[in-house]
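Participant: I would like the atomic coordinates for the input below:
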Amino acid sequence: MKERKELLKATVLFEKLNEEELEKIAACFTAKKFSPKEVLFREHSPRNRFMVVMEGEVEISKRVHAGKEVLAVLSKGDFLGEAIFLDDTVHSATATAKTPVRVMQLTRERLQVIRRENPRVYFLMVEGISKLLSRRLESSSKKLVNQGADYHADGFRMEHDLLGERGVPAHVYYGVQTLRAVENFPVTGVPISHYPNLIKALAMVKKAAALANLKLKLLAPEIADAIVSACDDIIGGAYHRHFAVDVIQGGAGTSTNMNANEVIANLALQKLGKKPGEYDIIHPNNHVNLSQSTNDAYPTALKIGLLLSITSLLDAMRYLKSAFSKKEKEFRSVIKMGRTQLQDAVPMTLGQEFGAYATMLGEDVRMLKKAAKLLNEMNMGGTAIGTGINADPAYAKLCTEELRNVTGLELELSGNLVEATQDTGVFVQLSGVFKRISVKLSKICNDLRLLSSGPRAGFNEINLPAMQPGSSIMPGKVNPVIPEVVNQIAFQVIGNDLTITMAAEAGQLELNVMEPIIAFNLFQSIDIMRNGMMTLADRCVLGITANREVCRGYVEKSIGIVTALNPYIGYENSSSIAKEALKTGRSVYELVLERNLLTKEEIDRILSPEAMLHPRRWADEKKGNEH
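Facilitator: Presented below is the predicted three-dimensional model:
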């Protein structure tokens with residue numbers, strides 16, 4: 001209790017409470033512990049408690065296109081969920097324990113008791129929250145103002161390249177070559193920083209190169225250390241906004257490579273207490289790009305970035321597979337008609353249908369893992385065309401070893417660096433797997449839309465969760481918007497595959513200059529597939545319910561069940577019965593009895609829907625009936 005009181009008293013929310021009030025408030029809090037990686041609350045979940053960190057670190061993150069963006073790391077004395085005092089909105093971010101964490105928490109219910117029984121205390125707490133929010137806004141404003149002030153006060157720093165001298169905004173870490181690329185390629189409006197794993201991979205490549213060059217005594221220790229430290233910052237998620245070139249660019253990725261070289265050089269200069277642009281001390285080309293060319297550094301970073309991103313795609317695939325598996329178990333007793341060519345076929349269970357979807361995804365998990373292994377082959381040390389010009393003979397092997405250590409991936413050096421520098425077949429292979437996944441995923445979504453069609457004039461076998469009103473003119477209409485959006489994601493991925501195929505084919509002689517468009521389409525495919533699968537699982541599949549009576553009714557009225565009679569009464573008799581049933585509207589059951597083809601007991605056993613779900617030894621049954 002004493003620890004809670006002291007912690008509360010030191011915070012702006014409770015600084016005006018007297019000892020008696022503080023004692024009562026502290027008693028309302030309960031303690032809770034969280035293990036590393038345990039989630040305190042998730043984005044979009046209801047706010048139901050206010051927490052104060054007593055011990056440890058809590059990471060606040062938001063889900064974005066490429067996984068998550070870390071917003072802050074909170075420690076002792078920091079608040080979580082303070083907006084509970086002001087409204088009942090959902091959490092705007094996810095809180096995860098970075099280390100073992102201990103918090104004290106106040107539930108919404110206890111807060112309402114305080115509000116009702118001690119309004120003065122509640123008012124003072126709200127006043128404290130208002131002060132806290134005001135300080136945060138002031139801090140944010142200062143950051144924005146100062147950034148602008150730096151820009152206007154310092155103006156530009158002058159840098160030069162092959163084409164001459166240019167002024168580079170003083171507040172950015174990139175240099176003159178990146179500036180030219182930003183001006184030359186205003187294509188998509190999407191900077192390479194849109195794909196954080198690509199930026200992290202570039203930094204990993206530059207770090208490994210610096211470490212290899214240090215061991216070869218090609219870099220001075222203080223320069224290598226500064227470059228490595230700058231790379232570590234970028235790998236940790238910092239300074240990504242300075243990677244500003246467009247994802248679609250000419251030059252085979254040179255603009256991306258130089259963007260990385262310049263940012264790392266200027267960050268490294270700051271580590272040494274120097275100013276950005278003092279390239280006589282640390283130079284983007286002479287030091288950061290030492291022993292490298294865009295033609296080995298860029299494709300290597302691309303492969304590593306893809307490997308990092310594929311991990312989250314595999315996680316999403318497994319999550320969606322798990323959702324379908326749950327429905328397979330839930331619907332295992334729901335009898336329905338299977339259909340081929342949209343016509344009645346034979347009975348099955350809804351569980352079998354959803355189990356097939358789970359198996360499809362499981363197969364593609366294995367296919368993707370197999371394709372991803374091909375990305376482990378690197379061409380670092382090949383430099384311009386694979387011959388290794390300007391690189392130490394020991395560099396290629398040494399740099400690959402450093403890359404393995406930096407990334408934790410099972411990377412290996414290509415056996416033929418000339419081939420590896422020009423061959424983009426691995427990207428075609430990977431994109432083909434993405435297309436395969438998307439085609440099957442789209443087919444599944446087509447099925448979900450068909451099975452849920454109606455509700456009065458369609459299949460109406462399943463109900464999808466209602467996500468939003470479906471029409472601006474038709475009241476009460478709800479559309480299958482989640483499967484629809486996943487269909488569109490699949491179309492985009494299929495289109496991306498064609499772009500990648502054409503770009504790979506466009507390679508000439510010792511280099512393929514079209515790798516930037518290959519990179520853009522691969523990363524985009526991964527992101528939209530991952531987000532689409534998570535959305536499909538959370539906002540559709542897990543909430544699907546079955547209309548059991550409708551499903552069974554289709555079976556009982558179907559002519560398709562006559563198929564089960566073939567082994568017993570022959571194809572001709574079965575065909576004749578099906579034709580008459582269709583013409584007269586009478587049931588298969590009734591017509592078989594009328595023609596004395598089987599007894600009632602035999603028909604009951606043979607035409608039981610449950611008996612048609614699996615293979616059976618009909619020949620033995622038939623012999624038994626003859627005796």
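
Participant: ok, how many other residues are close to residue 356?
Facilitator: 14 (other Cβ atoms under 10 Å). Any C-beta I mention is one placed from the backbone N, CA and C, and that applies to glycine too.

Participant: Now name the helix or strand holding it.
Facilitator: Using DSSP states H and E, residue 356 sits in helix 350-373.

Participant: try residue 111
Facilitator: Secondary structure (DSSP H and E) places residue 111 in helix 108-117.

Participant: I'd like the next helix or strand past the helix holding residue 356.
Facilitator: That would be, after helix 350-373 and using DSSP H and E, strand 377-378.

Participant: Which residues does the helix or strand just after that next one contact?
Facilitator: The helix or strand immediately downstream of strand 377-378 is helix 395-407, counting by DSSP H and E. The contact list for helix 395-407 (Cβ atoms under 8 Å, 6 or more residues apart in numbering) reads 201, 204-205, 207-209, 211-213, 215-216, 291, 300, 304, 307, 378, 380-382, 388, 409-413, 417.

Participant: What of stretch 107-114?
Facilitator: Under the criterion Cβ under 8 Å, 6+ apart, residues 25, 28, 47, 48, 49, 50, 84, 85, 121, 122, 125 lie in contact with stretch 107-114.

Participant: taking those one by one, which sit in strands?
Facilitator: Judged by DSSP state E, strands contain the following of those: 49, 50.

Participant: Mind giving me the PyMOL select for the contacts of stretch 107-114, buried ones only?
Facilitator: In PyMOL, this line selects whichever of those come out buried by 16 or more other Cβ atoms under 10 Å:
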select buried, resi 25+28+47+49+50+84+85+121+122+125
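
Participant: can you list the contacts of stretch 107-114 in TSV and add pLDDT and distance to residue 112?
Facilitator: Listed next are those as TSV, based on pLDDT from 0 to 100; distance: Cβ to Cβ, whole Å:
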residue	pLDDT	distance to residue 112
25	80	14
28	85	11
47	85	13
48	87	11
49	89	12
50	88	12
84	80	10
85	75	11
121	78	13
122	79	9
125	76	13
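
Participant: out of the contacts of stretch 107-114, who's nearest residue 235?
Facilitator: Nearest to residue 235 among the contacts of stretch 107-114 is residue 47, at 33.3 Å by Cβ to Cβ.

Participant: Excluding chain neighbours, what is closest to the closest one?
Facilitator: In space, and not counting its chain neighbours, residue 47 is closest to residue 84: 4.7 Å by Cβ to Cβ, 6 or more residues apart in numbering.

Participant: hang on, the earlier thing: for the helix holding residue 356, packing partners?
Facilitator: On a contact count with 3 or more Cβ pairs under 8 Å, 6 or more residues apart in numbering; DSSP states H and E, helix 350-373 meets helix 294-330, strand 335-340, helix 425-451.

Participant: can we see that at 10 Å?
Facilitator: In terms of contacts (3 or more Cβ pairs under 10 Å, 6 or more residues apart in numbering; DSSP states H and E), helix 350-373 is packed against helix 294-330, strand 335-340, helix 425-451, strand 462-463, strand 545-546.

Participant: Which one of the ones you listed lies nearest to residue 245?
Facilitator: helix 294-330 (11.9 Å).

Participant: what angle sits between the closest one and helix 395-407?
Facilitator: 40 degrees (axes from the mean of the first three to the mean of the last three Cα atoms, to 10 degrees).

Participant: Contact partners for the residue lying closest to residue 241 once chain neighbours are set aside?
Facilitator: Of all residues not flanking residue 241 in the chain, residue 193 sits nearest, at 5.9 Å (Cβ to Cβ, 6+ apart). Neighbouring residues of residue 193 by Cβ atoms under 10 Å, 6 or more residues apart in numbering: 66, 199, 239, 240, 241, 242, 243, 244, 245, 247, 259.

Participant: Mind telling me which of the helices and strands packed on helix 350-373 the model trusts least?
Facilitator: When those are ranked by mean pLDDT, strand 335-340 comes last with a mean of 92.

Participant: Sheet-wise, list the partners of that one with their directions.
Facilitator: If you go by DSSP bridges, strand 335-340 pairs up with strand 343-349 (antiparallel).

Participant: Which residues does the strand it pairs with contact?
Facilitator: 328, 331-340, 355-356, 546, 551-552, 554-564, 607-614.

Participant: Buried only: go through these for me.
Facilitator: Here, 16+ other Cβ under 10 Å leaves 328, 331, 334-339, 355, 546, 551-552, 554-555, 558-564, 607, 609, 612-613 buried among these.

Participant: Leaving aside the residues adjacent along the chain, what's closest to residue 230?
Facilitator: residue 267 (3.6 Å).

Participant: how close does the one you found sit to residue 459?
Facilitator: Relative to residue 459, residue 267 is positioned 59 Å away (Cβ to Cβ, to the nearest Å).

Participant: between the two, who's got more neighbours?
Facilitator: residue 267 (24 against 19).

Participant: tell me which element that one falls in.
Facilitator: Counting by DSSP H and E, residue 267 is part of helix 254-271.

Participant: swap in residue 516?
Facilitator: Going by DSSP H and E, residue 516 is part of helix 515-539.

Participant: any idea of the angle that helix forms with helix 425-451?
Facilitator: 30 degrees.

Participant: elements contacting helix 515-539?
Facilitator: Short answer (3+ Cβ pairs under 10 Å, 6+ apart): helix 515-539 packs on strand 58-64, strand 67-74, helix 196-215, helix 254-271, helix 294-330, helix 425-451, helix 481-505.

Participant: Tell me where the model's unsure across the protein.
Facilitator: 1, 4, 9-13, 64-68, 87, 131-155, 609-610, 612, 616-627 (pLDDT under 70).

Participant: How about the contacts made by the spatially most central residue of it?
Facilitator: Nearest to the geometric centre of the chain sits residue 530, at 4.0 Å (Cα atoms, centre = their mean). Applying Cβ under 10 Å, 6+ apart, we find residue 530 in contact with 65-67, 309-317, 319-320, 489.

Participant: And it, how far from residue 74?
Facilitator: Relative to residue 74, and taking Cβ to Cβ, residue 530 is found at 27 Å.

Participant: shouldn't residue 546 be in contact with residue 459?
Facilitator: No. Applying Cβ atoms under 10 Å as the test, residue 546 and residue 459 come out as separate, 11.8 Å apart.

Participant: Give me the common contacts of the two.
Facilitator: Here residue 546 and residue 459 share the contacting residues 336, 451, scored by Cβ under 10 Å, 6+ apart.

Participant: what sits against the nearest residue to residue 446 once chain neighbours are set aside?
Facilitator: Spatial nearest neighbour of residue 446, excluding adjacent residues (Cβ to Cβ, 6+ apart): residue 487 at 7.1 Å. Counting by Cβ under 10 Å, 6+ apart, residue 487 touches 438, 441, 442, 443, 444, 445, 446, 448, 449, 480, 532.

Participant: What's the local residue count around the residue nearest to residue 42 when sequence neighbours are not counted?
Facilitator: Closest residue to residue 42 apart from its sequence neighbours, by Cβ to Cβ, 6+ apart: residue 94 at 5.1 Å. For residue 94, the count of nearby residues is 19 (other Cβ under 10 Å).

Participant: go on, residue 237?
Facilitator: 13.

Participant: Surely residue 329 is in contact with residue 352?
Facilitator: No. Using Cβ under 10 Å as the test, residue 329 is too far from residue 352 to be in contact (11.4 Å).

Participant: Please identify every residue contacting each of those two.
Facilitator: Counting by Cβ under 10 Å, 6+ apart, nothing touches both residue 329 and residue 352.

Participant: Looking at the two now, which is surrounded by more residues?
Facilitator: With neighbours defined as other Cβ under 10 Å, residue 329 and residue 352 compare such that residue 352 has more, 17 against 11.

Participant: how about the nearest residue to the more buried one once chain neighbours are set aside, what does it touch?
Facilitator: Spatially, and ignoring its direct neighbours in sequence, residue 352 is nearest to residue 613 (7.2 Å; Cβ to Cβ, 6+ apart). Residues counted as contacts of residue 613 (Cβ under 10 Å, 6+ apart) are 332, 335, 338, 346, 347, 348, 349, 351, 352.
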